[in-house]
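Student: got a structure for you, letters missing:
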């Protein structure tokens, strides 16, 4: 029996990203500072978040490629076994 964890993984990643955004915004908005400094800090936090999300996207693409290759290998193996059964 195989357990499908892709939904759990994507939910976890979504939770981390959303939690990071909410936490960052709360920290920025409740910290006393000037408007110009606040805008700079928001901009910096946004850039950091974009970099982090891009990292998750890249990891997701790599994982998808691995799963695709694994699926192709399994499909080829099943096809090969089926051909052997038909020929016998």
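Tutor: In hand now; what should we look at? Quick caveat: nothing in here was measured; it's all calculated off a predicted structure. Residues are numbered from 1 along each chain as shown.
Student: Now do the helices in the chain.
Tutor: Taking DSSP state H to define them, one finds helices in the chain at 6-30, 35-87.
Student: unless I'm mixing things up, residue 41 is touching residue 29, no?
Tutor: No - at 9.9 Å, residue 41 and residue 29 do not qualify as touching, with contact defined as CB atoms under 8 Å. Bear in mind the C-beta positions are built from the backbone N, C-alpha and C, glycine included.
Student: more neighbours, these two?
Tutor: It is residue 41, of residue 41 and residue 29, that has more neighbours when counted by other CB atoms under 10 Å, with 16 against 10.
Student: just for this protein, where's the confidence low?
Tutor: Low-confidence segments of the chain, defined by pLDDT under 70, are located at 1-7, 33, 88.
Student: Closest to the centroid, which residue in it?
Tutor: Of all residues in the chain, the one closest to the mean position by CA atoms, centre = their mean is residue 56, 4.0 Å from it.
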